[in-house]
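prediction below, plus the sequence it came from.
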Amino acid sequence: AFDPDVADNSREATLRKGVRLTSQVTMIIGAHAQIRQGKEPIAHDPAWTETDDFSEGRAAVKIGERWGYVDRTGTLVIDARFELARPFRQGRAGIALAQKLGFIDLAGKVVVEARYANGRDFAEGLAPVALDDDAWGYIDLDGKLVFEARFARAEPFADGRALVVVPGDKEYEGKACFID
C-alpha cells in the first residue's frame, strides 16, 4: 500500500497520516492550476515528504530531513541541502543552514551567508533580517546591510514604506512607525 500506516489507527499513526496528507495540498492545488491551463500536471515524487507553492519557477520540496527546489517539470534543480527553504521573491529565497537564515539565488548559490536568527522575504529590493530576536534591520539583494539592526520588529517594504517597531527611544519606544 502507498500508506505505510494504512492498518494502524493509533493516534501517532493518524498524526503521521495527517502530516503526509497536508503536505500534498500545495501539489494538488498546483496540479489543478496546470490542468486548468491545459498543461500536464507535475508528477509527484514519493521522495517528497513536503512541498511548497511555486514561486519564480521553483517550488521547495522536502526530501528526507532536507529541503531543495524543483522546477516546473518536477526536476530537482537545487539539491536538498537546507534545513528550511522559503519561496523565491525577487530572485532570492530564504534558507537555513546550521539553524541560521541566509539567502540563495535561483541557481542555488548562497548569495547571503546564513548568519541571521530570523528574516522575512525580499520586497522592493530589501529584506528584514534579525541578528538576534530583538534587533532587526534590512539587507539588500547582495546581503549588504542598508538599515542597521536597531528595530524590535521589521516588516517587508510595500509601496516604498515598511512598518517597524522602535525600541529604547523615549519618544517612540514600543511604537510602530513607518520608514522609507
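Nice, thanks for sending it over.

give me the phi and psi for Ala13.
phi -70, psi -40 (degrees, to the nearest 10).

which residue is nearest the centroid of this structure?
For the chain, the residue nearest the mean C-alpha position is Arg86 (1.4 Å; Cα atoms, centre = their mean).

chain neighbours aside, what residue packs nearest to it?
What sits nearest to Arg86 in space, not counting adjacent residues and going by Cβ to Cβ, 6 or more residues apart in numbering, is Gly94, at 3.8 Å. From N, CA and C alone the C-beta is placed, and that goes for glycine too.

from Asp45, how far off is that neighbour?
From Gly94 across to Asp45, the span is 23 Å (Cβ to Cβ, to the nearest Å).

coming back round to it: what about the residue nearest to Arg86, how many neighbours?
25 (other Cβ atoms under 10 Å).

please renumber the chain so that the first residue is 12 from this point on.
Sure thing, new numbering starts at 12, so read that last one as Gly105.

looks to me like it is in a helix.
No - counting by DSSP: H, G, I helix; E, B strand; the rest coil, one finds Gly105 to be strand, located in no helix.

hang on, isn't it packed against Pro139?
No - using Cβ atoms under 8 Å, Gly105 is not in contact with Pro139, being 10.8 Å away.

so what sits against both of these two?
By Cβ atoms under 8 Å, 6 or more residues apart in numbering, Gly105 and Pro139 have these common neighbours: 130-131.

got any ranges where the protein has weak pLDDT?
Residues of the chain meeting the criterion pLDDT under 70: 12-13, 34, 37-38, 180-185.

hey, where'd the helices end up in it?
22-34, 36-47 (DSSP state H).
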